[in-house]
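[1] any chance you can model this:
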Amino acid sequence: MRAGKRLLIGSAVLLLILLIGVGALYAVLKFAVQPIRNGAKLGGGSVTTIVTGYVGPIAIGAYVFDLADGGVGLVDAGMTPEGAAIRTALARMDKSPVDVRAIFLTMDTTTTAPAHSRSPPQQCT
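    Now for the predicted structure:
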């Protein structure tokens, strides 16, 4: 009986430690990482942030920047093939997808292949 009680208490303590660890990790990811705010202006107003989705508590962003010719460029293309968050942000800027002149991808394309596999690579000029 005594060994069973010790095993039960030990298991409960181990579970409690595990839960505290998971909670601490979540708190660090949620509160220690600088949050991306949708629509925030950076670089004197020439760069706009877009929250395109979340991975756990962390917002995943893309950035739209103004070009000299009146078009825009993107840093990252969002988390969905439809690009709804980016289309919405472009509309708020009185722009459309045809105004996008360049897209710079910052992650391994093997993880984003479904999102952009319908478009062949284009050369930037």
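[2] centroid-nearest residue for this protein?
    residue 60 (1.0 Å; Cα atoms, centre = their mean).
[3] element containing it?
    In this assignment (DSSP states H and E), residue 60 forms part of strand 58-66.
[4] for the record, mean pLDDT for that strand?
    Averaged across strand 58-66, pLDDT comes to 88.
[5] tell me the bridge partners for the residue nearest to the centre of the chain.
    Beta-bridge partners for residue 60, by DSSP bridges, are residue 53.
[6] Provide the secondary structure category for residue 68.
    When states are read from DSSP: H, G, I helix; E, B strand; the rest coil, the local structure at residue 68 comes out as coil.
[7] circling back: now the helix or strand following the strand holding residue 60, how far from the centre of its chain.
    Per DSSP H and E, strand 58-66 leads on to strand 72-75 as the next helix or strand towards the C-terminus. In terms of Cα atoms, centre = their mean, to the nearest Å, the centre of strand 72-75 is found 15 Å from the chain centre.
[8] show me where the chain dips below the pLDDT cut-off.
    Counting by pLDDT under 70, the ranges of the chain that qualify are 1, 33, 108-125.
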